[in-house]
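K.L.:
From the sequence below, what's the structure:
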Amino acid sequence: MKIATAAYPLDFLTSWSQYEDKIAHWVDNAAANGAKLAVFPEYGAMELATLAGREVAGDLEKSLFAVSERLADADALHQKLAAHHGIHILAASGSAASATRPVNRARLFAPDGDIGIQDKQIMTRFERDIWGVIGGGPLQVFDTQIGKIGILICYDGEFPLLGRALAECDVILVPSCTEALSGYWRVRIGAMARALENQCVCVMSSLVGEAPWSEAVDITTGAGGVFCPPDAGFPATGVIAGGALGQAGWTYADVDLDAIAKVRIDGRVLGRLHWDEQKGRDNVAPKVLLR
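P.N.:
Now for the predicted structure:
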C-alpha cells in the first residue's frame, strides 16, 4: 500500500470553510496519488484555535480549550473525507478536554466510518511543566483493513517499552511536533529504533514552519519519513522515504505488508522474537579497575 505522511504548516484561519478547504485539499492530493493511509502530525489541530481569534490562539490555556471545542467538527470532516476517498486518515492531534486537564489526542479514521482514539502517554517538559497537558488513555492496537496500526505520539516514540507494547503492529504512526533540529532527530531516531526493534514500519509526520500567533507551536522543524528494519526486503539504510527538512507537503512510500511478515519470520536478525532474552540477565557490567 502507499502511505502519505505530512510535513504540515499551520495557518491562521478566519473561517471554518478555510479549514475544511485546507484539509480537503491535503487529503484529495494524497488520495489522488494513490495513498491508502494519510498521516498528519502532532498538534496540527492547534490551528483550530485561530477560529476563536488571535487573543485566544495566543493564550496557552485558552487555546487548549478552543481546540477541544472544535475537535468534534474536525472529526466529522475527516470521517467524511475518509469515506469519500476510501482512505485511512490519522488526523492531526490536538487538545481534548478530560475530567481533569486536556490530553493530547490523535484520531484514526477508517473508510467504513470507524474511529480509533489514541492519547499521548508521556508528556514533554513543556507540556507537563508549562502547558498543563496530561497523559491520557492507554496504548491501543487498531486492527484495520490495511494491517495492524499503532500510534506513538512524538515523545512517546522515544521510549522502547511503549514501542514494545505495540510489537504486533505492522505499522506504527509517529505524529510529531518539534521546535529544534535536535528534537526532530530525537523523534526520528526513536522511530527508526522502534522499526528496528519491532521489525515493522514506522511513519513519522511533522509540523513545519512558523506560527507566530501561538506560543506553543510558533516554530517547528521537521519532515515526513517512513522507516523500516534495515533487513531483507527493505532498504539497507532503514529509510523507505524521507522528505526535505522544513518543506511542506506529502512524502510518499510504498509499503509491503508481506515483507514485514517475512522479515519477522526469516530476517537476518530476529530482534522482535529475541526481545525477551533480555529478561533475567544481569545487565549491570562489573566494575573493572585499570591501573
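K.L.:
mind checking how far residue 80 is from residue 28?
P.N.:
Distance, residue 80 to residue 28, using Cβ to Cβ, to the nearest Å: 12 Å. Every C-beta, even on glycine, is put in place using the N, C-alpha and C of the backbone.
K.L.:
What of residue 51?
P.N.:
Counting by Cβ to Cβ - residue 51 and residue 28 are separated by 22 Å.
K.L.:
What residues does residue 229 make contact with?
P.N.:
195, 196, 199, 200, 238, 263, 267, 271 (Cβ atoms under 8 Å, 6 or more residues apart in numbering).
K.L.:
Have a look at residue 51 and residue 28 and say which one is more surrounded.
P.N.:
The residue with more neighbours, out of residue 51 and residue 28, is residue 51; 20 against 14, by other Cβ atoms under 10 Å.
K.L.:
Check whether the nearest residue to the more buried one once chain neighbours are set aside sits in a helix, strand or coil.
P.N.:
Residue nearest to residue 51 in three dimensions, not counting chain neighbours: residue 13, with 5.6 Å by Cβ to Cβ, 6 or more residues apart in numbering. For residue 13, the assignment made with DSSP: H, G, I helix; E, B strand; the rest coil gives coil.
K.L.:
what's the neighbour count on residue 13?
P.N.:
19.
K.L.:
what's the answer for the one 5 residues further on, then?
P.N.:
Residue 18: 15 surrounding residues under other Cβ under 10 Å.
K.L.:
same deal with residue 240?
P.N.:
Around residue 240 there are 22 residues (other Cβ under 10 Å).
K.L.:
What ranges does the stretch 101-250 of the chain have for its helices?
P.N.:
125, 160-165, 181-198 (DSSP state H, counting those that start in this stretch).
K.L.:
Pick the most buried one from those helices.
P.N.:
helix 181-198 (a mean of 20; mean count of other Cβ atoms under 10 Å).
K.L.:
from the chain's centre, how far out does that helix sit?
P.N.:
Offset of helix 181-198 from its chain centre (Cα atoms, centre = their mean, to the nearest Å): 12 Å.
K.L.:
What of stretch 205-213?
P.N.:
The answer for stretch 205-213 is 15 Å, by Cα atoms, centre = their mean.
K.L.:
Outside of it itself, list whatever touches it.
P.N.:
5-10, 12, 39-44, 46-47, 50, 54, 57-58, 90, 173-178, 184, 217-224, 246-248.
K.L.:
where along the stretch 1-150 of the chain do the strands fall?
P.N.:
2-9, 35-39, 88-96, 103-109, 115-119, 142-144, 147-151 (DSSP state E, counting those that start in this stretch).
K.L.:
now those in CSV, with mean pLDDT, distance to residue 276 and mean neighbour count?
P.N.:
Listed next are the strands of the stretch 1-150 of the chain as CSV, based on pLDDT from 0 to 100; distance: least, Cβ to Cβ, whole Å; neighbours: other Cβ atoms under 10 Å:
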stretch, mean pLDDT, distance to residue 276, mean neighbour count
strand 2-9, 98, 30, 25
strand 35-39, 98, 30, 25
strand 88-96, 98, 30, 27
strand 103-109, 98, 29, 25
strand 115-119, 98, 25, 19
strand 142-144, 97, 23, 17
strand 147-151, 98, 19, 23
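K.L.:
So in terms of bridging, what pairs with residue 201?
P.N.:
residue 171 (DSSP bridges).
K.L.:
Near it, how many other residues are there?
P.N.:
The burial count for residue 201: 27, using other Cβ under 10 Å.
K.L.:
Tell me the spacing between it and residue 141.
P.N.:
Taking Cβ to Cβ, one finds residue 201 at 15 Å from residue 141.
K.L.:
Output the longest helix belonging to this structure.
P.N.:
helix 60-85 (DSSP state H).
K.L.:
Would you mind getting the angle between that one and strand 88-96?
P.N.:
160 degrees (axes from the mean of the first three to the mean of the last three Cα atoms, to 10 degrees).
K.L.:
list the buried ones in helix 60-85?
P.N.:
In terms of neighbour count (16 or more other Cβ atoms under 10 Å), helix 60-85 has its buried residues at 63-68, 70-71, 74, 77-79, 81-82, 85.
K.L.:
buried residues in stretch 9-26?
P.N.:
9, 10, 13, 19, 20, 23, 24, 26.
K.L.:
got it, and stretch 215-229?
P.N.:
Within stretch 215-229, the residues scored as buried using 16+ other Cβ under 10 Å are 216, 217, 220, 221, 222, 223, 224, 225, 226, 227, 228, 229.
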